[in-house]
Every structure is written in structure tokens, then in C-alpha cells.
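Asks: Structure for the following, please:
(one chain, ligands or ions: 1)
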Amino acid sequence: MDAAGPRLAVEVVTLFAAEVRAALAMGVVGRAIERGVVKVGLEDPRSLATDVHGTVDDRSYGGGPGMVLKVEPLASSIERAAARLPPGSPRIYLSAQGRRFDQAGARRLAGLKGFLLLAGRYEGVDERLLDEVIDEELSIGDYVLSGGELAALVVIDAVARLLPGVLGDAGSADQESFGTLGSGPWLDWPHYTRPEEWRGRRVPEVLKSGNHAAIRRWRLKQALGRTAERRPDLIAGRELTVEEQLLLDEYRKERES
Ligand code: 4HQ
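Replies: Numbering: from 1, shown residues only. Presented below is the predicted three-dimensional model:
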């Protein structure tokens, strides 16, 4: 992978470069980086601040509490980091005002050669930076974080695991929730491992049957049933296949009894 260069290059612009680096060393993402499939660069705007104190924030015009990240050190950092990425790599700001990041968004980013993530702090960044050097805003959900770093890590994690060679089993990214079993995306089915019985609760017999067709059917039924119960929005307006409709009806009948 090294001779050909990484499959995906990511740059993160953050005031917490050491913390982001440490978090990236964990688990699946850490291994993807180790193997050279993903390359992550970090850029700390503090190192480009124009004064000796490394000032990157200032008071908000219009008043009120909270600081705003200054445009010049951020613009310089972004341009420096972007120069390490393939041409055309989008520059993305993590923000609660952004378009919602989801599995389709993860697949889109996984198809790129590179992208840049800007993680803000405090009240956010000077709006002119967004107009001038940012291509899009992404939100990981409707809640308020203290900074964009955790959001950037969420995006990198969801994207990295989709790249060829990152997960051990080539199919396993595809099989889970929001993967492609049936016409999906459905929620995941229940999982079990040993022991066979725990506090009187037994593993469903079918999973020990060795009947792979029956197991696949059971899992799809559970996935559909749980999706209908917990996330009806994911089912509403979707065309179910004949088999899926049958399995969902079966699930509901079994629930009643
Ligand atoms: N932020 N999804 C960064 C978020 C957020 C989100 C709040 C972004 C604080 C400085 N980012 N600012 N939700 O809550 O991505």
C-alpha cells in the first residue's frame, strides 16, 4: 500500500492535535493508518499564529460571552494542510449547522482520494473563513459539542472502515446495520456468543442449527422487525421485497404471541 501511496489522505486542522493523534491510534482506524491505507495529517493553527502568544481566538463582534476563532491563522493552516492533499479534496467544517453526516455520507467520502476536516472550538470560526476556504459543513447529530474534534474522529472512523483491506473480513462492513443485507439500510440483528445459557436466557436455537439459509432469514427478520419498532422512519416509504414483507409480518405475529 505504501508504494502506491495511501488509498485515502485526511488532514485535520485542530487546536488539539496531540489528543486527536492519540485517539486515532485506537482499534480499526489505528490499524488502517499503520497499514498505510489511510494517512492522517494534523495541523495546529496555534503554530501559525502571528503573535508570540499563539493567539488564535478573539472576542465576538456584537458582544456576548465566548470567543471566536480568528480567520488568518485558520486560513493559513487550512491552506498548508490542503497542499498535502490530492487536488480537489473538499474542505469540511464540522458544525451543528452542517448537513447531517450519515452512512451515505461516509460512503461518499470513502470514494474520495482525500478530504480536510476543520475542528472548531469555542463559539466557532469567523464566518468569512467558511465563505472563503470551506467547501461544506457536516454535523454528526443534533446536539452541541465543545469542539469539532470528536465529530472529526467520528467521520474518520466511519469512513476508514469502508476502505478495502481495513476490516479483516471483506464483507463485514456490509453486513451490519446500515449495510446491504436485503434492501436495507436496516438496523442490526441481535448477536450472541457463548455461553449457550446465561441467567436462564438461551441463545436462539436457529443460530446453532448450522442451517445457513434459516439463519440468514432469521437475521433479516430481526433486522426488519427492530427497524420497524425502533426506527419507523427508516421503513416509511420504502419498498420492501416480497420476502421482507413476509418476514416483517412474521416478526409482528411472533411479537403478539
Ligand atoms: N460543534 N457535529 C464545533 C458541534 C458539532 C456537531 C459545536 C462543532 C462546537 C465549535 N460538530 N463547534 N453537532 O456540536 O459536528
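
Asks: burial measure for the closest residue to K113 other than its chain neighbours, as a count.
Replies: Nearest in space to K113, with sequence neighbours left out and distances taken as Cβ to Cβ, 6 or more residues apart in numbering, is P86 at 4.1 Å. All C-beta atoms are positioned from the backbone trio N, CA, C, and that covers glycine. Residues lying near P86 (other Cβ atoms under 10 Å) number 13.

Asks: What of K253?
Replies: If you count neighbours by other Cβ under 10 Å, K253 ends up with 9.

Asks: what's the answer for T241, then?
Replies: Neighbours around T241, by other Cβ under 10 Å: 11.

Asks: what does R219 give?
Replies: R219: 21 surrounding residues under other Cβ under 10 Å.

Asks: Secondary structure element holding the residue in the stretch 151-257 of the chain positioned nearest to the ligand?
Replies: Going by Cβ to the nearest ligand atom, the ligand is nearest to A151 of the stretch 151-257 of the chain, at 3.4 Å. Taking DSSP states H and E as the criterion, A151 maps to helix 149-160.

Asks: and the residue nearest to K113, what does it touch?
Replies: Listed by Cβ atoms under 8 Å, 6 or more residues apart in numbering, the contact partners of P86 are A9, K113, G114.

Asks: I'd guess the first one is in a strand, am I close?
Replies: Yes: when DSSP: H, G, I helix; E, B strand; the rest coil is applied, A9 is found to be in a strand.

Asks: ok, back up a step: let's see if you can find the most crowded of the contacts of P86.
Replies: G114 (21 neighbours).

Asks: Name whatever forms a beta bridge with it.
Replies: Beta-bridge partners recorded for G114 (DSSP bridges): A9.

Asks: May I ask you to confirm that it is in contact with S89?
Replies: Yes: in this structure G114 lies within contact range of S89 using Cβ atoms under 8 Å: 3.8 Å.

Asks: Spell out which residues are contacts of both of these two.
Replies: Common neighbours of G114 and S89 (criterion: Cβ under 8 Å, 6+ apart): A9.

Asks: Going by neighbour count, list what's buried in stretch 92-105.
Replies: Buried residues in stretch 92-105, counted by 16 or more other Cβ atoms under 10 Å: I92, Y93, L94, S95, G98, F101, G105.

Asks: what's the answer for stretch 205-216, then?
Replies: L207, I215.

Asks: What is the end-to-end distance of that stretch?
Replies: Across stretch 205-216, the straight-line distance between its terminal residues is 13 Å, by Cα to Cα, to the nearest Å.

Asks: same check, this time on stretch 202-220
Replies: End-to-end span of stretch 202-220 (Cα to Cα): 20 Å.
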